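Asks: sequence unavailable; structure follows:
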C-alpha cells in the first residue's frame, strides 16, 4: 500500500517557517495570502496484510518517529496497491 | 480558499532524510516499510476571485519560492472556502 502522511504544526504553536514563507510571498507580490503553515509530507510503501494493520502501524510510526506529538498534528491516507485489499 | 501544496524530492534524486527515516523505522521494528520519501506540506489561505487565478498563483509561488524545480516535484489541492467559487 502507498501511505501518505501529512504533518502540520499544531494550531496555536508558533510556526516560524510558515511566517517566513508568508512574508516572502508577500514581498514577491502575491496578494491575498495568509495563514501559511509549513509541515512535512512523508510518503512510504507499506507491505502489511490489511488496511487495519496499516492504520495501526502508521499511528505507531507517527507517535514514535514521524511526528512530535507535543507540537504537531498529523493525518494520513492509505492507497491500496495493485490487487491489495481495500 | 484553502490551498494544500505537497512537495516531494524528485524521483531519482537522493533523499537522505527519507533514507534515514526508513532505517529508523526498520530499527524500531516496523516491517514491510520501503521507499520512504520526506517532503514538505504547505497549507495556506488564498483570497483570489476564482479558482483559475488560484491555480495560476500557486504555480508561480511554487516555481518562485515554495519548491526547488531542479530537484523537487509538487502537486496541490484547492478547497474553496465558505461561499467561495468552485
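Replies: Cool, got the structure. In this text the structure is predicted, and so the values were computed from the model without any measurement. Numbering: from 1, shown residues only, chains lettered A, B, ... in the order given.

Asks: my read: residue A:57 touches residue B:25, true?
Replies: No. Residue A:57 lies out of contact with residue B:25 (CB atoms under 8 Å); the separation is 9.4 Å. For the C-beta atoms, the positions are set from N, CA and C on the backbone; glycine is no exception.

Asks: got the contact list for stretch A:41-50?
Replies: Outside stretch A:41-50, the residues within contact range by CB atoms under 8 Å, 6 or more residues apart in numbering or on different chains are A:1-7, A:54, A:57-58, A:66, A:78, A:81, A:85, B:6-8, B:21-22, B:25, B:31-41.

Asks: same question, stretch A:72-82
Replies: With CB under 8 Å, 6+ apart as the test, stretch A:72-82 has contacts from A:1-11, A:13, A:39, A:45-46, A:51, A:54-55, A:58, A:62, A:66-67, A:86.

Asks: so which residues on chain A come close to chain B?
Replies: Contact residues, chain A versus chain B (CB under 8 Å from any CB of the partner chain): A:6-8, A:21-22, A:24-25, A:28, A:30-48, A:57, A:60-61, A:64-66.

Asks: angle of the longest strand along chain A against strand B:33-46?
Replies: The single longest strand within chain A, with elements called by DSSP state E, is strand A:33-46. Angle of strand A:33-46 versus strand B:33-46, following axes from the mean of the first three to the mean of the last three CA atoms, to 10 degrees, is 170 degrees.

Asks: the residue of chain A positioned farthest from its centre: what secondary structure?
Replies: What lies farthest from the middle of chain A is residue A:29; by CA atoms, centre = their mean that is 27.9 Å. Following DSSP: H, G, I helix; E, B strand; the rest coil, we place residue A:29 in the coil state.

Asks: please enumerate the helices of chain A.
Replies: Along chain A, counting by DSSP state H, helices occupy A:16-27, A:51-61.

Asks: output those helices as TSV; include the columns mean pLDDT.
Replies: Output for those, formatted as TSV (pLDDT from 0 to 100):
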stretch	mean pLDDT
helix A:16-27	98
helix A:51-61	97
